[in-house]
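Colleague: Take this sequence and fold it.
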Amino acid sequence: MAAAAMVAACSNSNTDSNTQPAACGESASTAILGEWNIANIVENDSTNVRPDEMAPGRPQHFTFDTDSTFGITTNCNSLGGTYTLRGDSITFIDIMQTEMACDDMAAEQLLSRILPHVAAIDLINDSTLRLNTSAEAYIILSRPNRQPDTEKISEID
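Modeller: Numbering: from 1, shown residues only. Model prediction:
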């Protein structure tokens with residue numbers, strides 16, 4: 001269904017270029033490559049972490065590489081593994097994590113709980129990537145030096 005929406009958005013000549021998905025003209029597998037800042041990790045209505053608020057000045061990021069590996073750097077530990085992306089469906093496998101003890105490990109604790117359940121992506125413009133589970137949990141990523149497109153994120157909730 002998301003693929004159909006993307007095709008419709010890409011083919012609609014009346015669509016404002018600011019609201020078109022970043023993947024217009026490129027595959028999602030290419031569009032997600034590179035580094036993304038972690039903007040928000042949401043487990044449910046009452047449990048979320050905004051890494052930039054918990055560790056100001058220490059960007060926490062997610063990187064997708066061309067060899068289908070990913071890496072995550074938090075304010076304390078690192079996570080990594082492999083991913084498979086087919087259309088808007090994504091699976092993270094072979095997830096590993098460093099285990100340093102730190103004062104605030106909320107980001108990696110939520111990531112390690114949510115990441116194995118992520119099943120789909122929503123790519124919004126070229127600035128925001130939402131990793132969705134089949135439940136209410138999700139992860140919002142934004143390109144460095146860009147703010148997440150919160151208006152578009154609320155449209156896909």
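Colleague: now what about the helix or strand containing I41, what contacts it?
Modeller: Under the criterion of DSSP states H and E, I41 resides in strand 34-44. With Cβ atoms under 8 Å, 6 or more residues apart in numbering as the test, strand 34-44 has contacts from 48-52, 59-64, 72, 74, 107, 110-111, 113-114, 128-129, 136-144, 148. (Each C-beta comes from the backbone N, C-alpha and C, glycine too.)
Colleague: Which among these count as buried?
Modeller: 49-52, 60-62, 64, 72, 74, 107, 110-111, 114, 128-129, 137-143, 148 (16 or more other Cβ atoms under 10 Å).
Colleague: Among the residues you listed, which ones are in helices?
Modeller: Using DSSP state H, P51, D52, A107, L110, L111, I114 are the members of the buried ones among the contacts of strand 34-44 that sit in helices.
Colleague: surely the last one meets I139?
Modeller: Yes: contact between I114 and I139 holds when scored by Cβ atoms under 8 Å: they sit 6.3 Å apart.
Colleague: How far away from the center of its chain is the strand holding I41?
Modeller: Averaging C-alpha positions (Cα atoms, centre = their mean, to the nearest Å) puts strand 34-44 5 Å from its chain's average.
Colleague: can you check stretch 76-91 too?
Modeller: Mean-position distance between stretch 76-91 and its chain equals 9 Å (Cα atoms, centre = their mean).
Colleague: buried ones in it?
Modeller: Here stretch 76-91 shows C76, N77, L79, G80, G81, Y83, L85, D88, I90 as buried, counting by 16+ other Cβ under 10 Å.
Colleague: Equivalent analysis for stretch 127-134, please.
Modeller: S127, T128, L129, R130, L131, N132, T133.
Colleague: how near is the residue lying closest to Q60 once chain neighbours are set aside to I72?
Modeller: Counting by Cβ to Cβ, 6 or more residues apart in numbering, the nearest residue to Q60 once its immediate chain neighbours are dropped is P51, at 4.0 Å. P51 is 11 Å from I72, where distance means Cβ to Cβ, to the nearest Å.
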